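>>> Starting from these lines, generate the structure:
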Amino acid sequence: MLTQTTTRVLEPGDLPAALEVLERDPVANAFVTSRVQVAGLDPWRLGGEMWGWYSDGELRSLCYAGANLVPVCATPEAVRAFADRARRTGRRCSSIVGPVESTTRLWQLLEPHWGPAREVRSRQPLMVTERPSADIAADPLVRRVRKDEMDLIMPACVAMFTEEVGVSPLAGDGGLLYQARVAELVTAGRSFARVEDGKVVFKAEIGAATRLACQVQGVWVAPEFRGRGHSETGMAAVVEYALRDVAPVVSLYVNDYNTAARAAYRRVGFREVGAFMSVLF
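Sure thing, here's the model as predicted:
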């Protein structure tokens, strides 16, 4: 039997079909879903294009093509189609990130054209929890960052990003986009910190949020406070906020070589359910 397939840029009218694909895996797709729920499929509002792969007239797979290239529920045939389109348009993203299987295939096809990458993180366990920690008491001093505390939280955010990604978020545009994103999360009440004597000790954000799942990002402890359990008690507090106010499932992903962080998250109650991969340019 012959199967007709096609790939095209989705339009606003394709939103219901796109959301149906995204909800097949609400945890893994939380980042893209959260953007689509806020911005729809208009490229200007979305910050990029949404590519759709169709088989026999039905939308089966997606690929978000913005600052990140993110395959969504992508079959091997869809990955090949997305790679072909990405090669034709040229690299516009700063990273490729997504479920390890489809992202690995996508990078194998794009590496001869886009490589070398600055760094490839081939396996980043995806972890989830649906309940407050039973073993770690939430830090009562972790709270939402206030709108008037941008000057307080920004240095911690920059330090976390630079440490994690290897480049400063202030490069290029002077950090305007990054500062806007931090301000957006603070305004939405999704930025959390423990502050002592005017200094951020622990901080984390709920970077993506949908009605089904949310994703914690940017977990950081100031170097001089590390080794005291702040990452565990702080995360326990963020989980409680997230489950109460945001979504019934809390997720995050972490580098596989960061055994200390993985162990800390397990103690808080997270368990591994899959893995992501990131290719950084």
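
>>> What ranges does the protein have for its helices?
Using DSSP state H, the helices of the chain run over residues 15-22, 30-39, 43-46, 76-89, 100-114, 150-165, 176-187, 230-245, 259-268.

>>> what's the burial count for residue 199?
With neighbours defined by other C-beta atoms under 10 Å, the count for residue 199 comes to 14. Heads up, the C-betas are built off the backbone N, CA and C, glycines and all.

>>> what do you get for residue 186?
Per other C-beta under 10 Å, the neighbour tally for residue 186 reads 23.

>>> now do residue 20
Quick note: residue 20 (other C-beta under 10 Å) scores 11 neighbours.

>>> Would you check how far apart it and residue 218 are?
Counting by C-beta to C-beta, to the nearest Å, the gap from residue 20 to residue 218 is 30 Å.

>>> Identify the spatial nearest neighbour of residue 142, chain neighbours not counted.
Leaving aside its sequence neighbours, residue 142 sits nearest to residue 237 (C-beta to C-beta, 6 or more residues apart in numbering; 3.7 Å).

>>> who's in contact with that neighbour?
For residue 237, the contacting residues are 138, 139, 140, 142, 192, by C-beta atoms under 8 Å, 6 or more residues apart in numbering.

>>> The first one contacts residue 232, correct?
No - under the criterion of C-beta atoms under 8 Å, residue 138 is not in contact with residue 232, lying 9.7 Å apart.

>>> Looking only at neighbour counts, state which of these two leads.
residue 232 (23 against 19).

>>> Verify the stated contact: that one with residue 264.
Yes - using C-beta under 8 Å, residue 232 is in contact with residue 264, at 5.0 Å.

>>> Buried ones in stretch 142-153, by neighbour count?
142, 145, 150, 152, 153 (16 or more other C-beta atoms under 10 Å).
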